[in-house]
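J.: Sharing a model that was predicted from the sequence below.
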Amino acid sequence: MSHETPRPWQPLLAVLSSILLLSCSPTEESTGESSKVVDHGTSQSGYSDKTTDTEEIVSAPSVPVTGAQLTFKVGSDIEPGSVDAYAVGYVDESKVVQIDDTTYQLEGVPAGEYDVIITAKKEGETIGKSGNSGYNVGIRMTRHVNNDDSGVEEIDLPYTGSISGRLEMVGVSAFDSIEVGLPGTKLVAMTPEKNGLYTLDNVPVGEHELRISQFENPEALELVSQVQEPDTTERLALSIGAEKNMMFFSTPNRPANLSGESFGDRIVLSWASGGAGTSGYLLVRSDGELEQLPTAGQLYEGQETLGNGSILYLGSDLYYIDSTVESGSSYTYTLFAYNEKKLYSEPLSKIETAARNPDLAKYYRIYFNSTASDCGGYDTTEVQELRFYIDGQWLSNDFSEETRVKIDSQTYEGLIGANRARVSASSVYNDAYAVYFAFQSNNNAWSAASSVFRSSSPFDVKSADSIYIELEFPEGPKALMGMEILGGEPPFYSDCAPDNFYLARSQDGSSWTPVAGSNRQVSTANESYRYHFSPPTVPLTPLDYKLSVNEGAVNHQWSSSLGTEIGYLLVRSTSPKPFEPSAGVVYDVGRHGDYEIVSWGKSLSATENGLLSDGSVYYYGLFSYDAAFNYSDSVLERAVPIAKDYYRYYRFVVDSVISGEILQLEQLELQFGGVWASDYSFSSEKGSIDSRPVTVTSSSTYNNLSSYAGHFVFSDNDREFWRSGKYFESEQFSSHDGIRGGEYIELDFGLLGAAISGYRVFGNDAVNAFGFPSQGEFNAIPDKVHMERSQDGSTWDIIPGSYNDNALFVWTTQEW
């Protein structure tokens, strides 16, 4: 399988040498191809536009001059007094003196060899090109300025040309930080347009050094490219070679919302990205204001100090725990963002004071006192997902296959946020319900052993405090101040959910103390229950903010942190400068200065249409607010709502099934460019989706029977589905079977291609053809899938954001 390889970081400052040659006469029609400026030895390049010169360069042999002067003669068609001449790099020192109507002298520079530029206005010709004006003919040439009498050189001045090109930029396309010019000359430099296009007009014919520079750029690269002299019959400027791109990088924006919270002998700092190509952060602690800024181009890896400050952190995380503070002491923290070119943002500082916190513990247990039902006669309880509020943040878990470590038969180690955590349980039904499933964001669940709860209401635990999940933080104590829990196992055992539970803490793993405010008697079935042990007094930053982007459209979704917030404010701008709401102010939807209020109110989602799709970058800030309109810190995102690329081939890949040897997939729906398809028409493998012709095949079918063919996933008949051949390795009582290849449905959209942006999928309802529950069909339900795409049908790329590891016995949606 092929994966896209990111482009290498390119130097910020490139120097191109381009020889501009002559083009067609103003009276002739120009039909030539654009001239390409090429360098075969690097992945950077630009391209020059065709020139507009009308004559060939005719130069007599060089004639030495006297007194460190260069004397030259121009044609009689040159307007007297319009001639200018100077040595490149000596603009201020150079002087031009008119001898007669056609003879001039360049003086003011020491004897030696120079690149000399001569410009003038030819009589009767219209001038006034953008950027550089006052002339319409000119040449750049290398000449000796001598002290001896070397005579007069006759110079034929050709019409001027132009240099054009296009730049690309990683991160936010801040082309206003770029300047394109010809150093050492009088020619006016320019800033590229917002799409990266640039044109330098009225450029004298000859070889030029083109400089593309950027603020604080620490590197430079010279690229030599030639525009060849045109054929005298075609009178067009042509070149040889392929067009390439030039890559630049914007300085990162300053990070946002640096906040700190003291927990015992630690201060927890968190922040938000300012965008603009940020790849990491440098955090420095000092006594008082930091007296030195980081140097552009230097990465402070392995370095302990910066001026009067101590370097605490260098990396890409959005938080840091400072565990080296002293109780009662105050510290100044200064944060910088940096990009791949080691360019640093403006600093962001905050003063914090360390305090003691008695809520720290190394061990925690969640005790389950009762469950919602008899759980289908199993008399147990199940938990799909747990999440915790630690160090002032709601943290996500990572107990994925790549991260998870099995310590013993019942204990697994993974990550809760950035914290190493070991999880175990008092009992487990079997390996298909291992405790780590409660720490994954899918619908696989942990289940306690059967017959541990009573079989009648209130379905309480048979032995007090006997059923629990335990957490250990081996790297040091943590303060758990809130919890989110989702119980049950839909669709068959959604009511096997705990409805009475509490949290306890321990310093040694043997003596346990209930955590005040953690006891709850609520339903955790079908919808997660999130709460703080001590009610917050301020609105908290929204959680799980996600964007899905299509041409001219952005969809936003988020969830509540359950502070004092009663609503949410979503703001858009075309500037990376974050919006700063004022406390007590109500912001209605609409324009407010440089910002657009997209959404205001209780909704946890918003949809925008009609946005520019020309590569424009939109910046978003999401806030929560309380009844007094106090606003939380923001969470920041950016979007470029351009059209998604079209591909001819797609694959819907099943990586694993619940616990069987085959897979069964009942229904699949697709989204194209943000719009869900509604019309699926198939009588064979060739059919259409919303009038898009498509051929659907599968990697295998059960016993090669056409009645189980792949195209049946687009049928709304419950009795029609795709069933694969026997390709998955089955292991009894173990979820995610068969991760050794992956069966797939392949879609060929022909030469027109398609731009798929999401899918909705349903595995099956585990009911056989007679309407009865079937263990075999339950085992065949996929529980990990993704999509791939290809232009040629042989090289495949995984679509970022397409993975989903939910068991597909319920409809599941994935968008990117």
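T.: Done, it's in.
J.: Show me the domain layout of the protein.
T.: For the chain, the structural domains run 14-54+160-249, 70-154, 256-353, 363-532, 543-639, 649-815, going by automatic domain parsing.
J.: average pLDDT across the fifth one?
T.: Here domain 543-639 scores 94 as its mean pLDDT.
J.: Any idea how far apart the tips of that domain sit?
T.: End-to-end distance for domain 543-639: 18 Å, by Cα to Cα, to the nearest Å.
J.: what distance separates it from the centre of its chain?
T.: Domain 543-639 sits 18 Å away from the centroid of its parent chain (Cα atoms, centre = their mean, to the nearest Å).
J.: Sort out which residues of stretch 396-408 are buried, please.
T.: Along stretch 396-408, these residues count as buried under the neighbour rule (16 or more other Cβ atoms under 10 Å): 397-399, 404. C-beta: built from backbone N, CA, C; applies to glycine.
J.: from the chain's centre, how far out does that stretch sit?
T.: Centroid displacement of stretch 396-408 relative to its chain, using Cα atoms, centre = their mean, is 25 Å.
J.: Out of the domains of the chain, name the one with the poorest average pLDDT.
T.: Looking at the domains of the chain, the bottom one is domain 14-54+160-249 with a mean of 52.
J.: Verify the contact between Tyr759 and Phe672 for me.
T.: No - with contact defined as Cβ atoms under 8 Å, Tyr759 does not reach Phe672; the gap is 10.6 Å.
J.: higher neighbour count, the two?
T.: A count of neighbours by other Cβ atoms under 10 Å puts Tyr759 above the other of Tyr759 and Phe672, at 23 against 19.
J.: Do you have the strands of the stretch 251-400 of the chain handy? List them.
T.: Ranges of strands in the stretch 251-400 of the chain, per DSSP state E, counting those that start in this stretch, are 256-263, 266-272, 280-286, 305-306, 309-315, 319-322, 330-338, 348-353, 363-371, 382-390, 393-395, 397-398.
J.: wait, which of these is closest to Pro693?
T.: Ranking those by their distance to Pro693 (criterion: Cβ to Cβ) puts strand 382-390 first, at 40.9 Å.
J.: which other helices and strands contact the closest one?
T.: Packing partners of strand 382-390 (3 or more Cβ pairs under 8 Å, 6 or more residues apart in numbering; DSSP states H and E): strand 393-395, strand 446-447, strand 480-487.
J.: list the helices and strands the first one packs on?
T.: Same thing as strand 393-395. Other elements packing on strand 393-395 under the criterion 3+ Cβ pairs under 8 Å, 6+ apart are strand 382-390.
J.: so how far is the strand it packs on from its chain's centroid?
T.: On Cα atoms, centre = their mean, the centre of strand 382-390 falls 28 Å from that of its chain.
J.: From Gly674, how far off is the nearest residue to Ile642 once chain neighbours are set aside?
T.: Spatial nearest neighbour of Ile642, chain neighbours left out: Ser613 (5.3 Å); criterion: Cβ to Cβ, 6 or more residues apart in numbering. Noted for Ser613: a distance of 11 Å to Gly674, by Cβ to Cβ, to the nearest Å.
J.: now do Glu352
T.: Distance of Glu352 to Gly674, computed by Cβ to Cβ: 43 Å.
J.: same deal with Ala189?
T.: In this view, Ala189 and Gly674 are 41 Å apart by Cβ to Cβ.
J.: again, but for Thr403
T.: Remark: distance between Thr403 and Gly674 (Cβ to Cβ) = 32 Å.
J.: likewise Ile799?
T.: For Ile799, the distance to Gly674 equals 15 Å [Cβ to Cβ].
J.: do Glu746 as well
T.: From Glu746 to Gly674 the distance is 23 Å (Cβ to Cβ).
J.: same check, this time on Thr411
T.: Per Cβ to Cβ, Thr411 is found 44 Å from Gly674.
J.: Give me the more crowded residue out of the two.
T.: Taking neighbours as other Cβ under 10 Å, Thr411 and Gly674 compare with Gly674 leading, 21 against 16.
J.: How many residues are close by the residue nearest to the more buried one when sequence neighbours are not counted?
T.: The spatial neighbour of Gly674 that comes closest, neighbours along the chain excluded (Cβ to Cβ, 6+ apart), is Asn550 at 3.3 Å. As a burial measure, Asn550 scores 25 neighbours (other Cβ under 10 Å).
J.: residues touching Asn550, list them.
T.: For Asn550, the contact set (Cβ atoms under 8 Å, 6 or more residues apart in numbering) comprises 641, 643-644, 673-674, 757.
J.: ok, now with 6 Å
T.: Neighbouring residues of Asn550 by Cβ atoms under 6 Å, 6 or more residues apart in numbering: 673-674, 757.
J.: Now flag whichever of the residues you listed is closest to Glu661.
T.: Closest to Glu661, out of all of the contacts of Asn550 and judged by Cβ to Cβ, is Ser757, at 33.0 Å.
J.: tell me the contacts of that closest one?
T.: Contacts of Ser757 by Cβ under 6 Å, 6+ apart are 550, 644, 671, 673-674.
J.: Including secondary structure, could those residues go into TSV?
T.: Formatted as TSV, the contacts of Ser757 follow (DSSP: H, G, I helix; E, B strand; the rest coil):
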residue	secondary structure
Asn550	strand
Lys644	coil
Gln671	strand
Gly673	coil
Gly674	coil
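J.: Now for those residues: which two are most distant?
T.: Lys644 and Gln671 (10.4 Å).
J.: before we move on, the earlier item: deepest-packed of the helices and strands packed on strand 382-390, please.
T.: Sort those by mean neighbour count, taking mean count of other Cβ atoms under 10 Å, and strand 446-447 sits at the top with a mean of 25.
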